[in-house]
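[1] I'll drop the sequence and a predicted model, then ask my questions.
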Amino acid sequence: MDPAGPAASHQFWVWWTMLFVSVVVALAVIALWLYTFRRREQPQRTPRQEQRIMLRLVLGGGILLPVVSIVALLVFAAPTGRGMLPLPLPEREAERIEVVGHQWWWEVRYPGENGEPDVVTANRLMMPAGEPVDFRLTSADVIHAFWIPRLGGKRDMVPGRYSTIRLEADAPGVFGAQCAEFCGAQHTGMLLHVEALERNEFDAWLADRRVPPGPIDDEDAAVRAFGEHCAACHTVAGFPEALIDDEAAHGIQGPDLTDIGSRPTLGAGVMPMEEDAIAYWLQHHQTLKPGNRMPPHNHLDAETLQDIGAWLETMEP
Amino acid sequence: MKHLLRLTHPIQMVGGLTIWSIWFVAIYSGLSVACSVAPPDPGRDIWTGINLAVGLATLGTTALLLWLSWAGVWAARRTSVVRENYFARVSAGIYLFSAAATLFVGYPVIFLPPCL
Amino acid sequence: MSDIKDATLTPEVQRLHEGMEKVWGNPKGIRALTVVNHTTIGLRFMVTGAIFFLIGGLLAMLIRTQLAFPDNDFMSPEIYNQVFTMHGTVMMFLFAIPILEGLAIYMIPKMIGARDLVCPRLTAFGYFCYLFGGIILASSMILEMAPASGWFMYTPLSSGDYSPGPGSDFWLLGITFVEISALSAGVELVVSILRTRTQGMALHKMPLFAWYILAMALMIVVGFPPLILGSILLELERATGMPFFDVAGGGDPVLWAHLFWLFGHPEVYIIFLPGAGIVSTLIPVFAGRPIVGYGWVVAAIIIMGFVSFGLWVHHMFSLGIPQLALAFFSAASMLVAIPTGIQIFVWLSTLWLGRPRMTLPMLWIVGFLVIFVLGGLTGVMLALVPFNWQVHDTHFVVAHMHYVLVGGMLFPLMAGLYYWLPQVSGRMPSERLGKWSFWLIFLGFNITFLVMHWTGLLGMRRRVFTYDTAMGWDLYNLISSVGGFMMSAGVALLILDITLHFRFGKRAPQNPWGADTLEWAMPKPPTAYNFVSLPNVETRHPMWENPELPRAIYEGNHGLANIEHGRRETWGSDALTGKLRETIHLPSNSWWPLFASLALAAVCISLLVRVYWAGAVAALVAVVLLLRWSWENGAHPKMAPEATLEPSEPPLHYHTMNGPGVWTMSVSHLANGSLYLSLLFGWFYLWTVAPEWQMPQTSPLSMPLLVLAGVALTLGTLLLAKLVGRLRQDVDAGLGGGMYLTGMLGALQSALIGIVIWQAELAPTESAHDATLLVALIYALAHALLGAILCLLQGLRVGHGFVSAEMPMEPVVVLRLWYYNLVVYWTLFVAIWVMPTMLGGAS
């Protein structure tokens, strides 16, 4: 109810107009009905007169009123849907961002151009402000729906299919986003942090992530523990292959953790990112977000989890 | 079976909307198939063969239904059986509604591209 | 106005009443399970529905308790998901539809002047299916394995990978079982309304309520099969791994959404139409004048019935379907405003031109109007695609939907309940308690859901089990919860009122509200045979034009007042004019419906616990029981006691060629055809749309064998048509032999289809193509077998003398099945062999 983009503000006005007209219509119809109980004496009418009164009411109220309203709706309001179509833009291509829904987190991919690698992150979406952005949506498991309420409508994410929705943020800012199609136990806890940046800041942010990460110290205990217990599901760019224990895989993909240290939330928006937050999350994630797909880590001692958490917090571009 | 085709038979009350349904299924499935087999270039916006075909089908169906509605009114005037007159008038009304419904549902072809 | 109590009965008429009671009356004790009478079964439906309403309401209270406060841990997310899934499922499938069917089953014969519905045993069978299906579904909650994927059960969330437990199976099997009951009620209501109206009641003279129920029943018949097919396919996917909805195997999860909403949207109107029918019945009574614009209402009903099938995609606006296609559905959704508007203004004009009285039923009608108009207006808003994208799947939609369903169905139902209560019990409800409960429910409802619109606009999503206090939704949710509990208090008061009225209510006069329809011409509480004599009715308002009717009927002055023969009889009349065509001999109490539904319940439970061999055995037993049931039909001695005492005019229905059985078969094929078309839709949909669909270069099916099977079918149909043609000329020589020969041709067809399936070496668990093909072939095989078996049984019946030139009805019924098979088989051949071969391995 606080629109921050053209699509959303259009809907905002459509809504208030519709609301006003509806309230007037509803009150009028109800008042007419109640009035019929209040009248005292009725004049004697011939069947012809009765027929005329009936036709006037039914034609006027039952046909003309709905016809006028729906034609008005279709003619004035329906074409607004056009603005959300990914039609070609006159100047240049719209920025394209891919979002993949998972139970219960978001994978966000920025396709690389001219052979550049894709930038992959999770549970945070950066977008340029002041220009249309095409979101290409799909799902890795069940049907989810992508919805940034303040920017506009929602779109389902269907496994095996891509669909595109065009949204625009008027000015830089932070917006909440969420899964809007019931997708299982943690549908509630599937939130996405969306941030719109000025174009140059956005480019810089993206460029930072295109730089190949520095070497990872494969003697570090935390790194070895990560390789043994986590890396089968969670990708970290540049992580030494030799340390990854594939046996630990559960056949489930977890969020990419390459830039986790720079993200504002943990667990797809379940808790804010603070000092030692990751370690806390690793120990208590099944109570913080019951039913989530990461297995509990009861078999690991607190110290190991502390180490892994501390190391992950350093993961920033 | 022939008596079912007379506009005074109550089966005609569902005739108009049956035609409407067939048209509706035809344009929706036609659109889906056309979009999956040969989607036109988004740059052409609404100026595509698909829009044209749907538009023509809409106009043709509307015309047919309007004619049937008019014929129903005629049939009501000709008959002297109360029951037949009654059903012919109700059917004519529903034919008219179906014609309007066809036009109304088909109208978006003039402002939306087919496959996006 | 005449009262039955003033009637004077001659000893002769006294004997007539006693005889009727003996033939029609309900047995007591364990044999009460054999009862087929529509009054009794209708009440059973309604009472069972009311119990499920209380269960559903309890679940709603659990939801509101959980959401009353932010970060509430009253329920875990798993339990919460089960609770809201079951709330929706119970309310839609186990309360709304069955209770309305129950009302129609109870009321329709009484309103159209018949003694029972046209297939009484089917009524009983439907009830048991509903009861057992409901119990199976509800038991999942006690076992804590309830389905948890939402009442719409979207795949792949509901499929094996993401819902491994038996929850989804409970849903799919239980609901399919309950739907059998809806379909059987739908079929017989259609035939009853069209063919058993009393003498003279032409189509345009029947009560408006019958028009509404006719539309509802036809919509059930056409609208339920897509979901039945979807449930079968999903259960097959879960049980055997056929990938109908799995992208990797060539399926598509969106197919489920299509099949579900193809049923799901008409369902809303299936619920609304009877509600509106109650409104259209009550308003003229309390306005003291006929409804103005009967024809307008009929037209509006027909338009609603059709247009509601063109809306299903509006539940899928955000699924990424092209916007132009969405625009079609958006426009179609807005069109519904017109028939709704017509009805609301017809009711208004009737009140305007009459002298309306404010009574307890009328209070509920006014409550209906207020709530329904608001729900309708938000509905028009939701039809607008861009706005829908914003509020879809938020609490705004939850609020809208409850306004439409509670406003459109529950409030009229309550009005009808109070209106017809004296008819059922012979006593008047109390005005004071009734008013209290009305205001509690009305205010509680609005407090709960009016606020919820706003919560939704603020962005609160549906189906979240809790929310953060930072969102600022605390107060609104608390208000909604308080309103919800207020509503429950109202429901409790309502139950109290109804219970007390049976004991303390004032005795009701013959026609307490001054109504115009025939059900008020009956004794109160109703007799099992409704009317001891069937009147000639040529007006829409029999009770207004002839206030002496109740007594005249009771004194046996009208038609069919004869019980010497010991048969249950009612009139069969022309669908259009209401002229008498035959005397329908109705079957009496029987164990078969109970046994057959018990066997089906055994099938259900075996599938649930995944003991498939037991399921197969139980299914076989069910088929045998159903066939045994069909054996006791027509001129079977158990069915036709003292067949010598026959009326000369109109003849008993099994002496005619176009009796109710033929109609029932035709209407059943409407349902069957809807299932078949859904299957074809699935085939073409997956073929053109599914991303990974693999169409093999050459068809795996053997063309010569398929054609040969089709030739056998065609010859069989021609032969059967010739036999029936000869029966029409009263010739039955060679009938038995001809029947056996036709049966053999059917068997040949079945065998050939069997060989085709065996030769094709399909891999149904690997590809959706092979899986769909297999299902289609099994469909054809099952029909071929049924055609063959029925013909062989007909041959036997000719031998027993149950079928002859004198009793020619059954072959006509069987011929309908063969015609259906003929059309289905050849179109299927075109769809699965000719088209893929011509278009090759395209896409």
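    Yes, it's here.
[2] spatially nearest residue to the residue of chain A found nearest chain B (excluding sequence neighbours)?
    Relative to chain B, the nearest point of chain A is residue A:85 (4.7 Å; C-beta to the nearest C-beta). All C-beta spots, glycine's among them, are computed from the backbone N, C-alpha and C. Excluding the flanking residues, the one nearest residue A:85 by C-beta to C-beta, 6 or more residues apart in numbering or on different chains is residue B:116, at 4.7 Å.
[3] quick one: contacts for the one you found?
    By C-beta atoms under 8 Å, 6 or more residues apart in numbering or on different chains, the residues touching residue B:116 are A:85-87, A:164, B:42, C:322-323.
[4] hang on, it is in a helix, isn't it?
    No - checked against DSSP: H, G, I helix; E, B strand; the rest coil, residue B:116 lies outside a helix; its state is coil.
[5] follow-up on the earlier one: taking the contacts of residue B:116 one by one, which sit in helices?
    Among the contacts of residue B:116, the members found in helices (DSSP state H) are residue C:323.
[6] could you export the contacts of residue B:116 as a markdown table, including neighbour count and pLDDT?
    Shown next, in a markdown table, are these (neighbours: other C-beta atoms under 10 Å in any protein chain shown; pLDDT from 0 to 100):
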| residue | neighbour count | pLDDT |
| --- | --- | --- |
| A:85 | 17 | 73 |
| A:86 | 17 | 72 |
| A:87 | 16 | 74 |
| A:164 | 17 | 87 |
| B:42 | 15 | 78 |
| C:322 | 19 | 81 |
| C:323 | 23 | 80 |
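[7] can you put the contacts of residue B:116 in CSV and add distance to residue C:61?
    Converted to CSV, the contacts of residue B:116 look like this (distance: C-beta to C-beta, whole Å):
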residue, distance to residue C:61
A:85, 44
A:86, 45
A:87, 49
A:164, 42
B:42, 50
C:322, 42
C:323, 40
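[8] of all the contacts of residue B:116, which two lie farthest apart?
    The distance between the two most remote of the contacts of residue B:116 (C-beta to C-beta) is 12.7 Å, for A:87 and C:322.
[9] so who does the residue most central in space within chain C touch?
    Centroid check for chain C by C-alpha atoms, centre = their mean gives residue C:182 as the closest residue, at 3.0 Å. Residue C:182 sits next to C:97-98, C:101, C:126, C:130, C:220, C:224 when contact means C-beta under 8 Å, 6+ apart.
[10] do that again at 6 Å, thanks
    C:97, C:220, C:224 (C-beta atoms under 6 Å, 6 or more residues apart in numbering or on different chains).
[11] one more: residue B:69?
    Applying C-beta under 6 Å, 6+ apart, the residues near residue B:69 are B:92, B:95-96.
[12] now residue B:89
    residue B:76.
[13] check which helix or strand it maps to.
    In this assignment (DSSP states H and E), residue B:89 forms part of helix B:82-106.
[14] okay, buried residues for that helix please.
    Residues of helix B:82-106 classed as buried by neighbour count (16 or more other C-beta atoms under 10 Å in any protein chain shown): B:83-106.
[15] picking that back up, between the contacts of residue B:116, which sits nearest residue C:837?
    Lowest distance from residue C:837 to the contacts of residue B:116 (C-beta to C-beta) belongs to residue C:322, with 29.7 Å.
[16] that closest one and chain B, how far apart?
    5 Å (C-beta to the nearest C-beta, to the nearest Å).
[17] what's near enough to touch that residue?
    B:35, B:115.
[18] ok, 10 Å please
    Neighbouring residues of residue C:322 by C-beta atoms under 10 Å, 6 or more residues apart in numbering or on different chains: A:85, A:163, B:31-32, B:35, B:39, B:50, B:112-116.
[19] picking up where we left off before, gap between the helix holding residue B:89 and the chain center?
    11 Å (C-alpha atoms, centre = their mean, to the nearest Å).
[20] please apply the same query to stretch C:174-191.
    On the basis of C-alpha atoms, centre = their mean, stretch C:174-191 sits 4 Å off its chain's mean C-alpha point.
[21] now residue C:734: how far from residue C:249?
    52 Å (C-beta to C-beta, to the nearest Å).
[22] more neighbours, these two?
    residue C:249 (23 against 12; other C-beta atoms under 10 Å in any protein chain shown).
[23] how many residues are close by residue 28?
    This is for chain A. 13.
[24] wait, I meant chain C there
    If we define neighbours as other C-beta under 10 Å, then residue C:28 has 8 of them.
[25] list the contacts for the closest residue to chain B within the stretch 151-300 of chain C?
    When scored by C-beta to the nearest C-beta, the stretch 151-300 of chain C has residue C:295 as its residue closest to chain B, at 4.8 Å. Residue C:295 makes contacts with B:13, B:86-87, B:89-90, B:93, C:204, C:346, as judged by C-beta under 10 Å, 6+ apart.
[26] check which helix or strand covers residue C:780.
    Using DSSP H and E, residue C:780 falls within helix C:768-800.
[27] stretch A:107-114 spans what distance, first to last residue?
    With C-alpha to C-alpha, to the nearest Å as the measure, stretch A:107-114 spans 22 Å from end to end.
[28] check which element follows the lowest-mean-pLDDT helix or strand in chain C along the chain.
    Within chain C, no helix or strand scores below helix C:385-391, which has a mean of 79 by mean pLDDT, DSSP states H and E. Proceeding N to C from helix C:385-391, the next assigned helix or strand is helix C:395-405, under DSSP H and E.
[29] and the next element down the chain from that next one?
    Heading C-terminal from helix C:395-405 (DSSP H and E), you reach helix C:411-425.
[30] state the mean pLDDT of that next one.
    Here helix C:411-425 scores 95 as its mean pLDDT.
[31] got the angle for whichever helix or strand comes after that helix vs helix C:411-425?
    Once the chain leaves helix C:411-425, the next helix or strand it forms, by DSSP H and E, is helix C:431-457. Per axes from the mean of the first three to the mean of the last three C-alpha atoms, to 10 degrees, the angle that helix C:431-457 makes with helix C:411-425 is 160 degrees.
[32] for helix C:431-457, buried residues please.
    C:433-434, C:436-438, C:440-442, C:444-457.
[33] would it count as contacting chain A?
    Yes - contact of helix C:431-457 with chain A (C-beta under 10 Å from any C-beta of the partner chain) involves C:453-454, C:457.
[34] from those residues, pick the one nearest chain B.
    Nearest to chain B among the residues of helix C:431-457 next to chain A: residue C:457, at 26.2 Å, using C-beta to the nearest C-beta.
[35] just checking: what are the partner strands of the helix or strand residue A:167 falls within?
    Per DSSP H and E, residue A:167 falls inside strand A:163-168. Sheet pairing for strand A:163-168, assigned by DSSP bridges, gives strand A:132-139 (antiparallel).
[36] got a pLDDT number for the nearest residue to residue C:691 once chain neighbours are set aside?
    Once flanking residues are discounted, residue C:691 sits nearest to residue A:160: 4.8 Å by C-beta to C-beta, 6+ apart. pLDDT, residue A:160: 88.
[37] what number of residues lie near residue A:160?
    For residue A:160, the neighbour count with other C-beta under 10 Å is 17.
[38] so it touches residue C:686, yeah?
    No - using C-beta atoms under 10 Å, residue A:160 is not in contact with residue C:686; the gap is 12.0 Å.
[39] I figured residue C:53 hits residue C:95, correct?
    Yes - the criterion here is C-beta under 10 Å, and residue C:53 meets it with residue C:95 at 4.4 Å.
[40] okay, stretch C:808-820 in PDB with CA atoms only?
    Taking C-alpha atoms only, stretch C:808-820 is exported to PDB below (Å, rounded to 0.1, in the frame of the first residue of the first chain):
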ATOM      1  CA  PRO C 808     -38.100 -53.600 -24.400                       C
ATOM      2  CA  MET C 809     -36.400 -50.900 -22.300                       C
ATOM      3  CA  GLU C 810     -33.100 -52.400 -21.200                       C
ATOM      4  CA  PRO C 811     -31.600 -53.000 -24.700                       C
ATOM      5  CA  VAL C 812     -32.300 -49.300 -25.500                       C
ATOM      6  CA  VAL C 813     -30.200 -48.400 -22.400                       C
ATOM      7  CA  VAL C 814     -27.400 -50.700 -23.400                       C
ATOM      8  CA  LEU C 815     -27.500 -49.300 -27.000                       C
ATOM      9  CA  ARG C 816     -26.700 -45.800 -25.600                       C
ATOM     10  CA  LEU C 817     -23.500 -47.200 -24.100                       C
ATOM     11  CA  TRP C 818     -22.500 -48.700 -27.400                       C
ATOM     12  CA  TYR C 819     -23.100 -45.500 -29.200                       C
ATOM     13  CA  TYR C 820     -21.000 -43.700 -26.700                       C
END
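[41] no more questions from me, cheers.
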